[in-house]
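# Coordinates for the following, if possible.
(one chain, ligands or ions: 1)
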Amino acid sequence: MQKSDLYRALPKVDDILINDRIIKILDKLPNDIVKEAITKVLDDIRFRIKNADESVLASIDLSMETIISEIVSVSNSNFEDRLKPVVNACGVVIHTNLGRSVLNKDLATKAIENAFRYNNLEFDLENGKRGSRYNHLEDIICKVTGAEAAHVVNNNAAAVILVLSELAKGKNIPVSRGELVEIGGSFRIPDIMKISGCELREIGCTNKTHLRDYEGAIDEETALILKVHSSNYKMIGFTENPSIADLSKLAKDKGIPFYYDIGSGSIADLSKFTSFDSPIDEPTVREALEQGADVVSFSGDKLLGSAQAGIIVGKKEYIERMKKNQLTRALRLDKIIISVLEQSFKAYLDLEKAVKNIPTLRMLSMSKEETKERCDSLLNILARNAENIEYEIIEDYSEVGGGSLPATKMPSFVLAIEHKKMSAEKLLKALRDYQTPIIARIKNERVIIDSRCLLDGDVEIISACFRGLDA
Ligand SMILES: *Cc1c(COP(=O)(O)O)cnc(C)c1O
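Sure, this is the predicted structure:
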């Protein structure tokens, strides 16, 4: 067979376009996607013919059936959603790369319904005039946190920029060297301060900063005292930092505000319903305010367990200034997010229910015994008829994640998995390549499936995937 014969034997585009399966997929997908796939598949075959040795020429499959199948598969894969659900089997509850907090479906559905209709986003129903989108949130946030006033922007990084720009532009801020942190690879306190137009005055040492370091650094050009929660790391040993109460007293004495970027921002006292392996040394938002912080900011999608947002609470005089700042317009929230946040904060009015219904809280409060029960039932399904895969339930730890409580681990039972014909790395990749990707982790050369973060339907996905891999 000559190469020129093969080129000639390629199906014509016109013939492809009248094939039944192509007509069907043209019905389902945009024309351009299918046409691109046709061009790509034919180009690929031409390329293979061009580069093929005489010996392999005969093996190039030019049957209409094969080519159509390839076109259908390329079309589908090019039109697949890029952002899609995955199974969190790695046991990190607030996983920034996996979308941080999961929303309760009923709550989110209720919220999104406002987007299917017109709504009173910026309309004051009482007087029929223009209203503010932030009014929907302020009362409920104040009720739940005990704050005097509240404001909300796109995320906590934006909140920090807004607070600093409004309260500290052109002035200096003393910050402990132990708090010059980087969070999430892109949020660095020194850079954020630069963006916000304020000058950083480094004080103290990495492990120790005393109240007198703050006292000595404050002058007429000092805008405020800033404390940054070292969310994603923890120093242990010979360390010292002034308490929130001491810092707020000093700020009051000097006549400047005290701003605490608390980061993860837990509303509920986690120690009441969790069984972590170490005490939680992080104040709730309410405690930070009670201990004297004038302004506190935190994320919506970390320990709060809601949508991405930056929530600013504190004294009315400061919050009112931030609402009027031009940045607020640029950092403003979408109506769907406002609605999700409203529903989430309302859920906190009944903490016992919130712990059950807000997925983040539910996962954090799951007992070790419950993770054992979950592993037992998963093992029951997976180990049935297993041939090449070995499963064992072992003790391990889940993590909070999201730069929250870095030193706190949650004792859990997990499934340790070994495939007789595949390395752990290869198995990990195969799980990730599954149609609904499964994100697991490796420990001691075995793949670990942590059941703590599994949601409704995940067990079925995992068992179908492993059934395929065992074949
Ligand atoms: C996470 C965090 C931020 C950034 O918050 P985002 O909501 O991710 O923008 C800022 N400060 C602290 C202390 C944090 O923990």
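
# What segments of the stretch 301-450 of the chain are strands?
310-314, 389-401, 409-419, 438-439, 441-443, 446-450 (DSSP state E, counting those that start in this stretch).

# Kindly reformat those as CSV containing distance to the ligand, mean pLDDT and mean neighbour count.
(C-beta placed from N, C-alpha, C; glycine too.) As requested, these are exported to CSV (distance: least, C-beta to the nearest ligand atom, whole Å; pLDDT from 0 to 100; neighbours: other C-beta atoms under 10 Å):
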stretch, distance to the ligand, mean pLDDT, mean neighbour count
strand 310-314, 6, 98, 27
strand 389-401, 11, 95, 18
strand 409-419, 18, 96, 21
strand 438-439, 20, 98, 20
strand 441-443, 22, 97, 16
strand 446-450, 23, 98, 23
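
# quick one, which of the ones you listed is nearest to Ile336?
strand 310-314 (16.3 Å; C-beta to C-beta).

# What are the contacting residues of the closest one?
If you take C-beta atoms under 8 Å, 6 or more residues apart in numbering as the criterion, strand 310-314 is touched by 141-142, 145, 147-160, 162-163, 265, 285, 289, 293-300, 304, 319, 322, 331, 341.

# out of those, which touch the ligand?
155-157, 160, 299 (C-beta under 6 Å from any ligand atom).

# buried subset of the contacts of strand 310-314?
The neighbour count (16 or more other C-beta atoms under 10 Å) marks 141-142, 145, 147, 149-160, 162-163, 265, 285, 289, 293-300, 304, 319, 322, 331, 341 as buried among the contacts of strand 310-314.

# Would you mind listing where the stretch 51-200 of the chain has pLDDT under the threshold?
Within the stretch 51-200 of the chain, the segments meeting pLDDT under 70 span 184-185.

# quick one: the helices in it?
Along the stretch 51-200 of the chain, counting by DSSP state H, counting those that start in this stretch, helices occupy 54-57, 64-78, 105-112, 135-145, 156-168, 189-195.

# What's opposite Phe187 in the beta bridge?
Note on Phe187: beta-bridge partners by DSSP bridges are Ile183.

# For the ligand, see how far away it is.
According to C-beta to the nearest ligand atom, to the nearest Å, Phe187 and the ligand sit 5 Å apart.

# in terms of contact, does that residue touch Ala157 like I think?
Yes - using C-beta atoms under 8 Å, Phe187 is in contact with Ala157, at 5.0 Å.

# Tell me the residues of the stretch 51-200 of the chain that contact the ligand?
Applying C-beta under 6 Å from any ligand atom, we find that the stretch 51-200 of the chain lies next to the ligand at 155-157, 160, 183-184, 187.

# The residue of the stretch 201-350 of the chain found nearest the ligand pairs with what?
The minimum distance from the stretch 201-350 of the chain to the ligand, using C-beta to the nearest ligand atom, falls at Gly263 (2.3 Å). Note on Gly263: beta-bridge partners by DSSP bridges are Phe298.

# Spatially, which residue comes closest to the residue nearest to the spatial centre of the chain, not counting chain neighbours?
The geometric centre of the chain, computed from its C-alpha atoms, lies nearest to Arg100 (C-alpha atoms, centre = their mean), at 2.1 Å. Among residues not flanking Arg100 along the chain, Asp301 sits closest, at 4.1 Å (C-beta to C-beta, 6 or more residues apart in numbering).

# so Tyr260 sits in a strand?
Yes - Tyr260: assigned to a strand according to DSSP: H, G, I helix; E, B strand; the rest coil.

# mind listing the helices for the stretch 251-400 of the chain?
285-290, 316-324, 326-330, 335-347, 351-357, 359-364, 368-383.

# would a markdown table of those helices with mean pLDDT and distance to Ile393 be doable?
Shown next, in a markdown table, are the helices of the stretch 251-400 of the chain (pLDDT from 0 to 100; distance: least, C-beta to C-beta, whole Å):
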| stretch | mean pLDDT | distance to Ile393 |
| --- | --- | --- |
| helix 285-290 | 97 | 38 |
| helix 316-324 | 97 | 50 |
| helix 326-330 | 96 | 51 |
| helix 335-347 | 98 | 33 |
| helix 351-357 | 94 | 25 |
| helix 359-364 | 96 | 19 |
| helix 368-383 | 97 | 5 |
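
# Tell me which of those sits most buried.
Highest mean neighbour count of these: helix 359-364, a mean of 24 (counted as mean count of other C-beta atoms under 10 Å).

# Quick one: mean pLDDT for stretch 215-228?
Taken as a whole, stretch 215-228 has an average pLDDT of 96.

# who's in contact with it?
Under the contact criterion C-beta under 8 Å, 6+ apart, stretch 215-228 has outside partners 164, 167-169, 171-176, 179, 181, 189, 198, 201, 203, 214, 244, 247, 250-251, 254, 256-261, 263, 293.

# For that stretch, C-alpha coordinates in PDB please.
The C-alpha coordinates for stretch 215-228 follow below in PDB (Å, rounded to 0.1, in the frame of the first residue of the first chain):
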ATOM      1  CA  GLU A 215       5.300  50.600  72.500                       C
ATOM      2  CA  GLY A 216       8.800  51.700  71.200                       C
ATOM      3  CA  ALA A 217       7.700  51.600  67.600                       C
ATOM      4  CA  ILE A 218       4.600  53.700  67.800                       C
ATOM      5  CA  ASP A 219       5.000  57.400  66.900                       C
ATOM      6  CA  GLU A 220       2.700  60.200  65.500                       C
ATOM      7  CA  GLU A 221       2.800  58.600  62.100                       C
ATOM      8  CA  THR A 222       1.600  55.200  63.300                       C
ATOM      9  CA  ALA A 223      -1.800  54.400  61.800                       C
ATOM     10  CA  LEU A 224      -2.800  51.300  63.800                       C
ATOM     11  CA  ILE A 225      -1.600  48.200  65.500                       C
ATOM     12  CA  LEU A 226      -1.900  45.200  63.300                       C
ATOM     13  CA  LYS A 227      -2.000  41.600  64.400                       C
ATOM     14  CA  VAL A 228      -2.000  38.900  61.800                       C
END
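
# does any part of it sit near the ligand?
Yes - using C-beta under 6 Å from any ligand atom, stretch 215-228 reaches the ligand at Val228.

# Please identify the buried residues of that stretch?
Buried residues in stretch 215-228 (16+ other C-beta under 10 Å): 217-218, 222-228.

# again, but for stretch 161-181
Across stretch 161-181, burial judged by 16+ other C-beta under 10 Å covers 161-168, 171-176, 178-181.

# Also stretch 274-284?
Neighbour counts over stretch 274-284 (16+ other C-beta under 10 Å) mark 274, 276, 280, 282-284 as buried.

# among the buried residues of stretch 215-228, which are in strands?
Among the buried residues of stretch 215-228, the members found in strands (DSSP state E) are 225-228.

# Next, format the residues you listed as JSON lines and append distance to Lys208.
Below are these laid out as JSON lines (distance: C-beta to C-beta, whole Å):
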{"residue": "Ile225", "distance to Lys208": "17"}
{"residue": "Leu226", "distance to Lys208": "18"}
{"residue": "Lys227", "distance to Lys208": "15"}
{"residue": "Val228", "distance to Lys208": "16"}
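
# Out of those residues, flag the one nearest to Ile18.
Of these, the one sitting nearest to Ile18 (C-beta to C-beta) turns out to be Val228, at 65.1 Å.

# Skipping its backbone neighbours, what lies nearest the closest one in space?
Glu179 (4.2 Å).
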